[in-house]
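Asker: A predicted structure for the sequence below; I have some questions about it.
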Amino acid sequence: MVITSIDIAIQTRKNFIRLMDEMTIAELNIVPPGFNNNIAWNFGHILVSQQKLCYTLTGLPLKMDNKYMLRYQRGTRPEKFIHEDEIAFLKGAAYTLIEELVGDLKRYIFCNFNPTKLHYGLELLCIEDAINYFPNHDALHLGFATAIKRAIEGEKRNANSQIPKVQS
C-alpha cells in the first residue's frame, strides 16, 4: 500500500485529537507565555486552512460555517474561551471534511483552481498541490500544539515545585 497525502492528513488529525483528549478543556484554551494561540485554536485552524486551500482556491462553497472560517483563519487569535461543544464539533469535522474532500475529488469538481503563493514559500498551482501541502500544514500545527502542551506541563511542574514542603 502506498501512503497518500490523505492518509497522512487523517493520521495527523488522529494524533492531534489524541493529544487534545489527554488535556482538559481549560488546558486546551491556555495561551502560554511566548505563544500567540492555544491548542484548540491550532486545531480549528487546520480545518479552516484545508477548506481555504481546497475549496476557496477553486471557487467552491465551503463545507464549514463562515463563523469558523473567521474565527480560525490565518492572522487570528483566540478571542474567547473555546467551549467543549465547539471542540467536539471540530473533532468530528476533522474526519468529515476529509471524507467530503475525497468524495469531491472522485466527482472531479475541483476544475478552476486559482494558483496562489503561500507564506511558506511554495506556489500551489492545482488541487493536487493543495492536497499535498495541507497535511504538512496540519503536522506543523500539531507540532505547535505539542509545544504548547509541554509549556503547560512545565508551568504545572514549576508551580508544584514552588510549594514549600512541610518538614515532618
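Answerer: Thanks, I have the structure now. Numbering: from 1, shown residues only.

Asker: how close does residue 29 get to residue 2?
Answerer: 39 Å (Cβ to Cβ, to the nearest Å). The C-beta positions use only the backbone N, C-alpha and C, and glycine is treated the same way.

Asker: Those two - which one has more neighbours?
Answerer: Neighbours were counted for residue 29 and for residue 2 using other Cβ atoms under 10 Å; residue 29 has more, 18 against 4.

Asker: from what I can see that one touches residue 40, true?
Answerer: Yes. Counting by Cβ atoms under 8 Å, residue 29 touches residue 40, with 5.8 Å between them.

Asker: the helices in the chain, which residues?
Answerer: 5-21, 25-28, 39-54, 66-72, 84-106, 127-161 (DSSP state H).

Asker: Can you say which of those helices is packed in most?
Answerer: Comparing the helices of the chain by mean neighbour count (mean count of other Cβ atoms under 10 Å), helix 39-54 comes out on top with a mean of 24.

Asker: Report the angle between that helix and helix 5-21.
Answerer: With axes from the mean of the first three to the mean of the last three Cα atoms, to 10 degrees defining the directions, helix 39-54 sits at 160 degrees from helix 5-21.

Asker: now the angle from helix 39-54 to helix 84-106?
Answerer: Going by the same axes, to 10 degrees, helix 39-54 makes 20 degrees with helix 84-106.

Asker: name the helices or strands packed onto helix 39-54?
Answerer: helix 5-21, helix 25-28, helix 66-72, helix 84-106, helix 127-161 (3 or more Cβ pairs under 8 Å, 6 or more residues apart in numbering; DSSP states H and E).

Asker: Export those as TSV, with columns for mean pLDDT.
Answerer: Shown next, in TSV, are the helices and strands packed on helix 39-54 (pLDDT from 0 to 100):
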stretch	mean pLDDT
helix 5-21	98
helix 25-28	98
helix 66-72	96
helix 84-106	97
helix 127-161	93
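
Asker: Right, I'll call it a day here.
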